[in-house]
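J.: Take this sequence and fold it.
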Amino acid sequence: MSQKIIILIPVYNDWKALGALLKTLETDLSQDAETEYRILVVNDGSIEPAPEFPLGPITFSRLDLHTNVGHQKAIATGLSFIHHYISSDGVIVLDGDGEDLPSDIPRLIQGSLDNTQIVFASRAGRQVGPGFSLFYFLYKILFRLLTGRSISFGHFLYLPRPMVDRLVYSPEIVNHLPAAIMKSNLPYSSVPVQRGKRLAGQSKMSFGDLLLHGLGAISVFVEKVAVRLLVFSLVMIGLTLLGIGIILGIRWFTDLAIPGWASTIMSSLVIVLLQSFLLSLFTLFLFLSSGSQRKFIPALHYTDLTGEINS
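T.: Sure, this is the predicted structure:
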């Protein structure tokens, strides 16, 4: 064996799909004689009891969390556990529903260029409906506008071990791991992959969960978002004052007739002015107060969430 790779899988109640995924992992990865794989499943406080999975050629462990903390925090907890207790050369993170294809894992590892960069799986094709496609398109535009960055990948990725040991001290990874990596300035690249089909059951992620997941990525760049909102509100204030000045100038310094609707426009501009002023203040105070709040550092605080480890 030349390298040891941990496959980290967060799961919430999705045991049937996980069982099918484990079989696929064993089939697809057993031919890779150069790599020793180990699977770590993070049980994200599932209500349904975890079944016993038959032992295969790949070492399997399950880390139970006390309660459901959400997908990203479960991943951060798993990475912190690996950081403290499991030696490895790198970590693969993938979902337990089978939509991330195990056959792509060797490509992600090979793309890391001697373990020097993080490799994301960039979805070249999605088997989703038009509603999701439209939402995702609009989300990427919003992400670009608010953060100045582009995002086209999820958390199916390969993390070289040195990167894992750095990222677990970043509080942003509990909000959105890919966005936190982008913000960290660690080197990364992407490999195009096809997204597979769910192996069993139905997705438990609602539209609200999906929306919060997307907003979590934006929140990682809260400083940039705050600055852009502040600039936007100041521009709105400037344009509003200009509009008011033009109307007053016409009334006081010219003989041009002021139509009856000018008072209505004046009132509307004053409302826009007040709203822009309040948005500026809210953005400024929100940004300043965020720096004084105690943050969850995964590598230091993950034990608050963890229960038993089952092998």
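J.: Quick check: the closest residue to M182 other than its chain neighbours vs A76, distance?
T.: In space, M182 comes closest to R149 once its chain neighbours are excluded; the distance is 5.9 Å by C-beta to C-beta, 6 or more residues apart in numbering. (C-beta placed from N, C-alpha, C; glycine too.) Taken as C-beta to C-beta, to the nearest Å, the spacing of R149 relative to A76 amounts to 21 Å.
J.: more crowded one of the two?
T.: Relative neighbour count places A76 above the other of R149 and A76, with 31 against 15, counting by other C-beta atoms under 10 Å.
J.: what's the pLDDT at that one?
T.: Among the per-residue scores, A76 holds a pLDDT of 96.
J.: Who are the contact partners of it?
T.: Residues in contact with A76, defined by C-beta atoms under 8 Å, 6 or more residues apart in numbering, are 168, 173-174, 177, 298, 302.
J.: again, only this time at 7 Å
T.: When contacts are counted by C-beta atoms under 7 Å, 6 or more residues apart in numbering, A76 touches 173-174, 298.
J.: how distant is the longest helix anywhere in the chain from the center of its chain?
T.: The residue-count maximum for a helix in the chain (DSSP state H) belongs to helix 222-253. The chain centroid and the centroid of helix 222-253 are separated by 34 Å, computed with C-alpha atoms, centre = their mean, to the nearest Å.
J.: how about the helix or strand following that helix: buried residues?
T.: Heading C-terminal from helix 222-253, the first helix or strand you meet, by DSSP states H and E, is helix 262-290. Within helix 262-290, the residues that qualify as buried are 266, 269, 272-273, 276, 279-280, 283, 287, counting by 16 or more other C-beta atoms under 10 Å.
J.: if we can go back for a sec, so which elements touch the longest helix of the chain?
T.: Of the remaining helices and strands, those touching helix 222-253 by 3 or more C-beta pairs under 7 Å, 6 or more residues apart in numbering; DSSP states H and E are helix 130-147, helix 262-290.
J.: Go through that helix and flag the buried ones.
T.: For helix 222-253, burial by neighbour count (16+ other C-beta under 10 Å) applies to 222, 225-226, 228-230, 232-233, 236-237, 240, 243-244, 247.
J.: could you give me the average pLDDT of that helix?
T.: Predicted confidence along helix 222-253 averages 84 (mean pLDDT).
J.: how about stretch 140-152: buried residues?
T.: For stretch 140-152, the neighbour count (16+ other C-beta under 10 Å) marks 143, 146-147, 151 as buried.
J.: closest to L55 among those?
T.: Distance ranking of the buried residues of stretch 140-152 against L55, using C-beta to C-beta, places I151 first at 38.3 Å.
J.: ok, now which ones touch that closest one?
T.: 140, 143, 178-179, 217.
J.: that's a strand at N68, yeah?
T.: No. Under the criterion used here (DSSP: H, G, I helix; E, B strand; the rest coil), N68 is coil, not part of a strand.
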